[in-house]
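Sequence and computational prediction follow.
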Amino acid sequence: MLLLRNGLLFDGSGSQGVRGSVLLDGERILEVGAVVDRSDYRVLDCEGLAIAPGFIDLHSHLDLQVLEGGRIEKIRQGVTSEVVGNCGFSPFPFIDDAHGLQEFAAGILAPGDRWNEGWGWRSASEYLRAAEERSSKMNVFSLVGHGSLRVAVAGQSQVPLSSGEMDRISGLLEDALGAGCAGFSTGLMYAPGSSAGSDELEHLCRIVARSGKLYATHMRSYAGGLVAAVREQLALARATGCRLQISHLQAAGRANWGLQQQALDEIEAARAEGIDVEFDIYPYQCGSTVLTQWLPAWALEGGRAAMLSRLRDRDRRRKIAIEMDETSAQLWSDITISGVETARNAVLVGKTIAEMAEARGVEPAEAALELLIEEEGAVNVISFNQSPENLRQLLSHSLCSVISDGFHVKGKAHPRLYGTFPELLGEVTRDWGWLKLPEAIHKITGKPAARLGLRNRGFVRPNYFADVTVFDPAKIQSHSSYETPDREPQGIVIVIKDGRIVYGQGA
Ligand SMILES: [Zn+2]
């Protein structure tokens, strides 16, 4: 028996902290509140510390890294559960060989030597079994990605699915949900998932609705098309009855900041009519993704080799550059290179596309395309997206869960990978006062647990699994920056998963 004695207890529901103790018996919580101390208990004195449910990251891209049992970048932030398989990318399923899946998902899931990694699972059950066996310090929940499913049945082609392909993709989705996936995700800004029309999505969301599981979407647009994109997703939820989670909601790009209020109005109106919709965001003004997301869809048709041959053709490259200049929501000076494959270009990490272009004496869009050729398509970026006012409005909204959206790159990852949870509780909540502490904790515990439909995690309550994070509310702080992201946060004292100390004294 392990007694966490006399802390400030936050149960995960959003209610005020109360002074109390928590008694853990094996992997479960036995008692909460005024626990009578006994000499045979192992005691951790929590005087002056907060006792909270283990944090749940509802949106992670560490699908492969969670399988490396020794990784600590999330555990040391207090995270005990991660949801992977987001934005249409899951490392399963594949049919004949994993090559197409790897090519599709490597930019987000597998940094470094990314085209040659021997990863990929034939089915959700194989992946989930690997996660169960290899990820002892983290609870792993996985969505199945629409992009991965589509690559499995139709490769990189961007045409509507035939009826035979529709049958096969439906079967694969049913298999994955039946095997224990927590839901389904789409990534409608990433080819080839972006080519799905509303018929395809509606058909698949009906299957998800029947399972009662979550549908999480990286929508078609977060820029000028934000409001239309929100409406499309709300219409899907309305038509099919699926439970909708809008991933990393924001209005990206200075010119679009005014659209956020309209998007929120649409979501609130849908809630009022009974649609089960919520959203999430990370606590940073910058986002991060792959540079190919700035290319028009036609330039990506057929996959990486086809894209590279278009980029090597001078006239077509010019046409692509012009379209990029017309459609980008960000200025080229707002897009910073964060990851490349070659040693030669490693010096560009931390430079903006505009700076790189100036040094090379070419136009920025041309420079971006040159870089993609040199890196054979493998470039990650961090883009300045949001205003502080908008970010505050999102984070403090009652429908918002707080997520990391973190992923690794070969270069410098976005600091959200290493700092999201301490950043939320320290800077955002304590220092800026954007949220109250119980509310901030709720957004990373009870709320994401409810979205996942978990009945035994996300709260500190008797009989729940003993996932507990003890932290010092006065000291908690992220030390991750854009320049030096991989730094240990301060103020996380003990992290317990299933009754076992996985971080802190006694781990
Ligand atoms: Zn996404």
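Perfect, thanks for sending it. Every value quoted in this text rests on a predicted model; they were computed, and no experiment measured them.

Get me the contact residues on the chain for the ion.
Within the chain, the positions near the ion by CB under 5 Å from the ion are 87, 218. Placement of C-beta: from N, CA and C, glycine included.

one more time with 8 Å
59, 86-87, 187, 189, 218, 247-248, 289, 405 (CB under 8 Å from the ion).

Filter these down to the ones in strands?
187, 218, 289 (DSSP state E).

Just give me the closest of those residues to residue 452.
residue 218 (17.8 Å; CB to CB).

In contact with the nearest residue in space to the closest one that is not next to it in sequence, which residues?
Among residues not flanking residue 218 along the chain, residue 87 sits closest, at 4.0 Å (CB to CB, 6 or more residues apart in numbering). Residues in contact with residue 87 (CB atoms under 8 Å, 6 or more residues apart in numbering) are 61, 108, 145, 147, 185-187, 190, 218, 247.

Show me which of the residues you listed is closest to the ion.
The ion has its nearest neighbour among the contacts of residue 87 in residue 218, at 3.5 Å by CB to the ion.

Tell me what the closest one is bridged to.
Applying DSSP bridges to residue 218 gives these bridge partners: residue 187.

how about the residue of the stretch 351-500 of the chain found nearest the ion, phi and psi?
Going by CB to the ion, the ion is nearest to residue 405 of the stretch 351-500 of the chain, at 6.4 Å. Residue 405 adopts backbone torsions of phi 60, psi 30, taken as degrees, to the nearest 10.

Low-confidence regions, this structure specifically.
Applying pLDDT under 70 to the chain flags residues 113-117.

How is it divided into domains?
Following automatic domain parsing, the chain resolves into domains at 2-53+463-476+487-504, 55-285+386-414, 290-383.

Now name the helix or strand holding residue 336.
Taking DSSP states H and E as the criterion, residue 336 maps to strand 335-339.

ok, back up a step: export the residues of the chain next to the ion to CSV and tack on distance to residue 25?
Below are the residues of the chain next to the ion laid out as CSV (distance: CB to CB, whole Å):
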residue, distance to residue 25
59, 32
86, 34
87, 39
187, 42
189, 47
218, 41
247, 37
248, 38
289, 44
405, 35
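
what helices or strands is the host helix or strand of residue 216 leaning on?
Remark: residue 216 resides in strand 214-218, with elements defined by DSSP H and E. When contacts are defined as 3 or more CB pairs under 8 Å, 6 or more residues apart in numbering; DSSP states H and E, strand 214-218 packs onto strand 183-187, helix 198-211, helix 226-240, strand 243-246.

Give me the residues contacting that strand.
So strand 214-218 is contacted by 59, 86-88, 143, 182-190, 205, 208-209, 233, 236-237, 242-248, 451-453 (CB under 8 Å, 6+ apart).

Just the buried residues from those residues, in PyMOL please.
To isolate the buried members of the contacts of strand 214-218 in PyMOL, using 16 or more other CB atoms under 10 Å:
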select buried, resi 59+86+87+88+143+182+183+184+185+186+187+188+189+190+205+208+209+233+236+237+242+243+244+245+246+247+248+451+452
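
show me the contacts for residue 192.
Here residue 192 is in contact with 104, 147, 150-151, 154-158 (CB under 8 Å, 6+ apart).

Of the residues you listed, keep whichever come out buried.
Members of these classed as buried by 16+ other CB under 10 Å are 104, 147, 150-151, 154, 156-158.

Closest one of those to residue 26?
Among the buried ones among the contacts of residue 192, and counting by CB to CB, the member closest to residue 26 is residue 147, at 39.9 Å.

tilt between the helix or strand harbouring that closest one and strand 183-187?
Residue 147 is part of helix 146-154 when elements are defined by DSSP H and E. Between helix 146-154 and strand 183-187, the angle comes out at 90 degrees (axes from the mean of the first three to the mean of the last three CA atoms, to 10 degrees).

in the strand holding residue 216, what counts as buried?
For strand 214-218, the neighbour count (16+ other CB under 10 Å) marks 214-218 as buried.

mind checking how far residue 305 is from the ion?
Per CB to the ion, to the nearest Å, residue 305 is found 25 Å from the ion.

which SS state does that residue fall under?
Counting by DSSP: H, G, I helix; E, B strand; the rest coil, the backbone at residue 305 sits in helix.

Give me the distance between it and residue 376.
Separation of residue 305 from residue 376 (CB to CB, to the nearest Å): 9 Å.

picking that back up, what's the farthest-apart pair in the residues of the chain next to the ion?
Farthest pair in these, by CB to CB: 59 and 189, 15.1 Å.

Would you confirm that residue 174 contacts residue 207?
Yes - between residue 174 and residue 207 there is a contact under CB atoms under 8 Å: 5.9 Å.

and residue 381, bridged to which residues?
residue 289, residue 337.

circling back: how about JSON lines for the buried ones among the contacts of residue 192, with distance to residue 12 added?
JSON lines is the format used below for the buried ones among the contacts of residue 192 (distance: CB to CB, whole Å):
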{"residue": "104", "distance to residue 12": "36"}
{"residue": "147", "distance to residue 12": "32"}
{"residue": "150", "distance to residue 12": "36"}
{"residue": "151", "distance to residue 12": "37"}
{"residue": "154", "distance to residue 12": "42"}
{"residue": "156", "distance to residue 12": "42"}
{"residue": "157", "distance to residue 12": "45"}
{"residue": "158", "distance to residue 12": "43"}
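
List just the nearest of those to residue 340.
The closest of these, once distances to residue 340 are taken by CB to CB, is residue 104, at 19.4 Å.

pretty sure that closest one contacts residue 148?
Yes - Residue 104 is within contact range of residue 148, at 6.8 Å (criterion: CB under 8 Å).

shared neighbours, the two?
In contact with both residue 104 and residue 148: residue 89, using CB under 8 Å, 6+ apart.

Just say which of the domains of the chain is most tucked in.
A comparison of these by mean neighbour count, using mean count of other CB atoms under 10 Å, puts domain 55-285+386-414 on top with a mean of 21.

could you dump the lengthiest helix in the chain to PDB, C-alpha only?
Taking DSSP state H as the criterion, the chain has its longest helix at helix 163-179. The C-alpha trace of helix 163-179 is given here as PDB (Å, rounded to 0.1, in the frame of the first residue of the first chain):
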ATOM      1  CA  SER A 163     -17.200   0.700 -54.500                       C
ATOM      2  CA  GLY A 164     -14.900  -2.300 -54.000                       C
ATOM      3  CA  GLU A 165     -12.400   0.000 -52.300                       C
ATOM      4  CA  MET A 166     -15.100   1.500 -50.100                       C
ATOM      5  CA  ASP A 167     -16.100  -2.000 -49.000                       C
ATOM      6  CA  ARG A 168     -12.400  -2.800 -48.100                       C
ATOM      7  CA  ILE A 169     -11.800   0.500 -46.300                       C
ATOM      8  CA  SER A 170     -15.000   0.000 -44.300                       C
ATOM      9  CA  GLY A 171     -14.000  -3.600 -43.400                       C
ATOM     10  CA  LEU A 172     -10.500  -2.400 -42.200                       C
ATOM     11  CA  LEU A 173     -12.100   0.400 -40.100                       C
ATOM     12  CA  GLU A 174     -14.500  -2.100 -38.500                       C
ATOM     13  CA  ASP A 175     -11.600  -4.500 -37.800                       C
ATOM     14  CA  ALA A 176      -9.600  -1.700 -36.200                       C
ATOM     15  CA  LEU A 177     -12.500  -0.500 -34.000                       C
ATOM     16  CA  GLY A 178     -13.400  -4.100 -33.100                       C
ATOM     17  CA  ALA A 179      -9.700  -4.800 -32.200                       C
END
